[in-house]
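*Asks:* got a structure for you, letters missing:
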């Protein structure tokens, strides 16, 4: 399959990019770094193999457009178009669509077929060689590099056969090592064996157990027996022991028995007789004490009662006291009231005093004070009121009048002053006169001015008239033309008339009369006009003359008047100025006129006001007199003012009220006081009667005291009663106690009789005896208890007695010791036995619990499982390895030789014959390289550069091998020549050319100028990817068709089109070679022509040889460049580039080459 | 027989000496369980008999191997018999030959007993009663090309939960087999994903109580590889063709003896190298095919 064209619709930085007419052989695409070469390579991969997540990074395309694109390929079956887009517009999502030559759309299977089933891993490993791989080769060590190179030949598609085999070997050897080194299977087997052995050992546990149980049983039996023995011995020993201990007790007991018997008491005392006696005695004592106490108590009571002193009198009066107490409240109220009244009285009095002061009555002295307000109140105060009112009014009026008069006068005087001031400022005294004078002066001046004007006017008129008369005079004489005119008219008229009249009708026609009339009219007109005109003129002239005369008269008059005025006015400033001045003065004076008027008025007013004032004054006096009379009639002092009286009247009611209140208060006060005193006296009296000392004079306090005293008495009385009751109770008690006493005595008597003694002493003696006997018996009991304790239930008394009876004491002890020894021995034996038994038991328990078998079993099971798994795994690995071994042998037999042969050829050419052959020794997995001298070298000893050449050779051979087997795909080289120096690069380029010519399509991407130039010099189809580099000449292949293109070239010379990433039709395509690729005409002309007419690419290359001479210089130049630039080997990562079609320009090429 | 119907419990193959096997590695927290499980399971059988108040108990063989249990085994049985005797339940123990445990596939481990009721008409009613303490389960999960890792995880978990719910109170040992085809299968075969999933399952369910321990996750070898692959002109294609050839001729030796260390040539491994068993041979060839495909496919093919 060969790539013919790329149609990038949108990928990375490319949008709508079309690269057509790829050569079937070598294509070089050159673009600077970041130009987008990698993007293109990834695009190709994407279309062929799909959009992986890694390649999706180029989407969405930076320049827009549909993501994806298409590749035109051609295979043995024709041309196909493979398109793939990362959207779903075609309904297939991101899958490929293959357009077959017959127009059908197919899918992935066809693509797979086109790719000859070469999937992406194989493609990457075989058909894509990049700078990275070269560099990796460079970083490897010698052996690794050699191995890598060998691997290429030994089988490489997706993976390296040799590597895979090695991996398998490692895994396998870990499981089961061929050389016997430690490995998993062996270890597991050993483990298993070991566990099995342990497990077998553990099988004996059960027998052990059985054996031990037998032992245990016999031990148990022994134990039982020993136990019995021990018990027996112990029992005997104890018996003896007890006997020994009890011996003494027996003896003592016997002794006691004897003594008791000796006492020979008749019997028992009645139980508790002594006790009873004692009890009675005690009770007697108690009772007696009680009686005594009672007596004492009664005495006390009596004493106390006697001590109570009761105030009988008071007690009898208690009712009264109570009654008074009830009145306590009333008393308190009285007291309060009295104090209240006191306060009120004082208040009222002060109010009265205040009133008086307010009324001013106190000032005058007692006269006012003596006024009897009450009396006044009743009188008819009307008159007084009226009089007062009158006075008030009169007073008011008087005041007003006064004021007015003053005001008027003031005004008048003011105005006068004003006027006089103004006048004096002007130097005048009399306003009116001044005004008159000023006025006349103004008139005169005006007149004068007027006269001046008139004179001037008249002069002017005069002049005018003079003018006019002259005019008229002139006009007397009629203008000549007029005269002549009129004359002519006249003459003509006359002629006409004459003609009319005289001429025969033959001359005039019928118009003779008309003519005559006309002529007459004409003559008349002429004459008349003249006359009229003359007359008019004369009249006018006369009139004018008359006017003139009149005017002159007037002038004269005016002049006379003027002179007269001048004389009057005197000399001085010109009239106009004086006029202004005088007018000003006049206006000033005139302004004063209103003032004058006002002054007059004011003076009149002032006079009037004065008169009124005098009048009012009289009225006022009258009113006052009437007022005084009124006061007198009422009885008030006359010198009271109205105000005072008014106030007096107003307040009279109030004062009356106050006085009344005062009186009332005083009355009440008296009453209350007397009442209070009365009560107080009575209480005091009472106190005195009852003998209570008065502590205070306050009746309430006293009352309280009394009641307190009463309560006291009550208390005392209560106490007395209480004491009496107690006394009585005590008496009763005493009686009871007496009776009890008697009873007790009786009982005692009875008891004594019962016992049979006559007195208590006897009784006591008897009881002592009994007690003694009792104690003896108790002792005996104690001893018995001792004995019993010693026996402790271990033996009976009989047995002990028997033992004691048996032997003497000494024997007994000996026997005891003996027995003890025996018991101890038995004990020891028993202990041993038990211990053994315990150990045995523990052992048995341990065995019973022993889980080791299970544990081992489990371990064994797991180990066996692991072993089985490992074995299985080993089997699988071994089988796989075996099969791969066979494959490898096949490869070595069949494929490798031809691969190496082919590689040798390439190597020879690449190294320019320095190394002739690469081969592998039989049975060894290494490569050897023979140099030109036939010496065989190991790959390890080759230089880095040579290794790269070897690498390249092998890769080429591999591609070739694939192609032979039917998988022919374009080889993509990504800047692989960068490390080669000039010569090597040239050789490599040549090899690539040849390789391509052999039928393999090669796509070389590079970013280096020198490589670009190199290929170009080999007439290879190079394309430049835009990225800011100046135009480089296109390849010279275009020369073939140069003739045809010459015209076009010329046209296209000036400007290479920038950034043409679209299908702009070129300027002229008509005579372009038919292009096989898609219908669009590319603006680019292929260096190789792919049309049927032209020779094929390889031949194009061949034809280059013709131009070798010309190129020789170029190559040498380029070589020099390359040498300098050899060491640049940065990895280019072009991310975007713009494709610029370069135009073939044969002429340019020639020009440059020359 | 005086009582009709009479009821008895039948159990066999208690194999007290055999802890659960078939696990290549016992997790620590389950070690105790493994060791005790035969006894506990057996105890349950006896307790069933007591609870059902059967007339007698029949143990028909392979109850225990004394040599391998130690005294513990017999003592245990004695104790149980004593308890049964207290309740008047007789025990009939038919001796059996203790089979080598390797021949027993794990799934047929004893895990129950049967309660049989026979009435006068000789009608037999059998009620199986589960008494196992630890249960082996093999589960298969099928995936396809669309299955993603999280989906697979979910499937595993759901299945596991189902298993736990179905067997309450019983500890489980589950071995998973993933069948089907798809990219997830290839990933599993590499091992890392399987290891992760296994670890996850163990972490989440393996500790209980009750514990549901995932023993392994293995991938079923694909029944069928794409036929196209057999035709490819690639190393993988070559490989598959070889495998097919071997599969086609069962008598052809696989040549594994060449890989044995010298001193083992006649030893136990010889049998392993010979692969006499046809089923094993087929299995090995299939696995080898898968391994080869994995190794030789290079990067993940978009299949």
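*Replies:* Okay, I see it. None of these values were measured; they are calculated from a predicted model.
*Asks:* output the below-cut-off pLDDT ranges for the stretch 551-700 of chain A.
*Replies:* For the stretch 551-700 of chain A, the stretches with pLDDT under 70 are A:571-576, A:635-637, A:642, A:649.
*Asks:* helices of that one, residue ranges please.
*Replies:* Using DSSP state H, counting those that start in this stretch, the helices of the stretch 551-700 of chain A run over A:575-634, A:642-690, A:699-755.
*Asks:* what does chain B give?
*Replies:* In chain B, the segments counted as helices under DSSP state H are B:28-52, B:66-69, B:72-86, B:149-166, B:183-190, B:192-205, B:227-231, B:235-248, B:268-274, B:278-296.
*Asks:* how about TSV for the ones you listed, with distance to chain A and mean neighbour count added?
*Replies:* The C-beta positions use only the backbone N, C-alpha and C, and glycine is treated the same way. Formatted as TSV, the helices of chain B follow (distance: least, Cβ to the nearest Cβ, whole Å; neighbours: other Cβ atoms under 10 Å in any protein chain shown):
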stretch	distance to chain A	mean neighbour count
helix B:28-52	5	19
helix B:66-69	4	23
helix B:72-86	5	17
helix B:149-166	16	15
helix B:183-190	12	19
helix B:192-205	14	16
helix B:227-231	8	13
helix B:235-248	4	19
helix B:268-274	5	17
helix B:278-296	4	19
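*Asks:* now those as TSV including mean pLDDT?
*Replies:* Formatted as TSV, the helices of chain B follow (pLDDT from 0 to 100):
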stretch	mean pLDDT
helix B:28-52	86
helix B:66-69	72
helix B:72-86	83
helix B:149-166	89
helix B:183-190	76
helix B:192-205	87
helix B:227-231	78
helix B:235-248	86
helix B:268-274	76
helix B:278-296	85
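*Asks:* okay, buried residues for stretch A:818-830 please.
*Replies:* Buried residues in stretch A:818-830, counted by 16 or more other Cβ atoms under 10 Å in any protein chain shown: A:819-820, A:822-823, A:826, A:829-830.
*Asks:* residue A:36: neighbour count?
*Replies:* Per other Cβ atoms under 10 Å in any protein chain shown, the neighbour tally for residue A:36 reads 28.
*Asks:* can you check residue A:483 too?
*Replies:* Residue A:483 has 14 neighbouring residues, counting by other Cβ under 10 Å.
*Asks:* skip the chain neighbours and tell me the closest residue to it.
*Replies:* residue A:530 (7.4 Å; Cβ to Cβ, 6 or more residues apart in numbering or on different chains).
*Asks:* tell me the one of the buried residues of stretch A:818-830 nearest residue A:70?
*Replies:* Checking the buried residues of stretch A:818-830 against residue A:70 with Cβ to Cβ, the nearest one is residue A:830 at 109.1 Å.
*Asks:* tell me which of the helices of the stretch 551-700 of chain A sits nearest to chain B.
*Replies:* For chain B, the closest of the helices of the stretch 551-700 of chain A is helix A:699-755, at 75.4 Å, according to Cβ to the nearest Cβ.
*Asks:* show me what the nearest residue to residue B:90 once chain neighbours are set aside is bridged to.
*Replies:* Counting by Cβ to Cβ, 6+ apart, residue B:56 is the residue found nearest to residue B:90 once chain neighbours are left out, at 4.1 Å. Residue B:56 has the following beta-bridge partners by DSSP bridges: residue B:8, residue B:90.
*Asks:* wait, isn't residue B:56 in contact with residue B:88?
*Replies:* No. Applying Cβ atoms under 8 Å as the test, residue B:56 and residue B:88 come out as separate, 9.4 Å apart.
*Asks:* those two: which is more packed in?
*Replies:* residue B:56 (16 against 9).
*Asks:* now that one: how far from chain A?
*Replies:* Plainly put, residue B:56 is 27 Å away from chain A if you go by Cβ to the nearest Cβ, to the nearest Å.
*Asks:* contacts only, for that residue.
*Replies:* Residue B:56 makes contact with B:6, B:8, B:89-92, according to Cβ atoms under 8 Å, 6 or more residues apart in numbering or on different chains.
*Asks:* can I get those residues in CSV with distance to residue B:127 and pLDDT?
*Replies:* Formatted as CSV, the contacts of residue B:56 follow (distance: Cβ to Cβ, whole Å; pLDDT from 0 to 100):
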residue, distance to residue B:127, pLDDT
B:6, 14, 79
B:8, 12, 84
B:89, 17, 84
B:90, 20, 83
B:91, 19, 82
B:92, 19, 81
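*Asks:* looking at those, which two lie furthest apart in space?
*Replies:* Across these, the longest distance by Cβ to Cβ is 14.8 Å; it joins B:6 and B:91.
*Asks:* out of the contacts of residue B:56, which is nearest to residue A:546?
*Replies:* Distances from residue A:546 to the contacts of residue B:56, taken by Cβ to Cβ, are shortest for residue B:8, at 191.0 Å.
*Asks:* who touches that closest one in this structure?
*Replies:* Neighbouring residues of residue B:8 by Cβ under 8 Å, 6+ apart: B:54-58, B:115-116.
*Asks:* so residue A:820 touches residue A:236, yeah?
*Replies:* No. With contacts counted by Cβ under 8 Å, residue A:820 stays clear of residue A:236, the gap being 9.6 Å.
*Asks:* just to revisit the earlier point, and of the helices of chain B, who's closest to residue A:753?
*Replies:* helix B:72-86 (80.6 Å).
*Asks:* quick one: that closest one to chain centroid distance?
*Replies:* 30 Å (Cα atoms, centre = their mean, to the nearest Å).
*Asks:* so which elements touch it?
*Replies:* Contacts defined by 3 or more Cβ pairs under 8 Å, 6 or more residues apart in numbering or on different chains; DSSP states H and E place helix B:72-86 against helix A:809-849, helix B:28-52, strand B:90-94.
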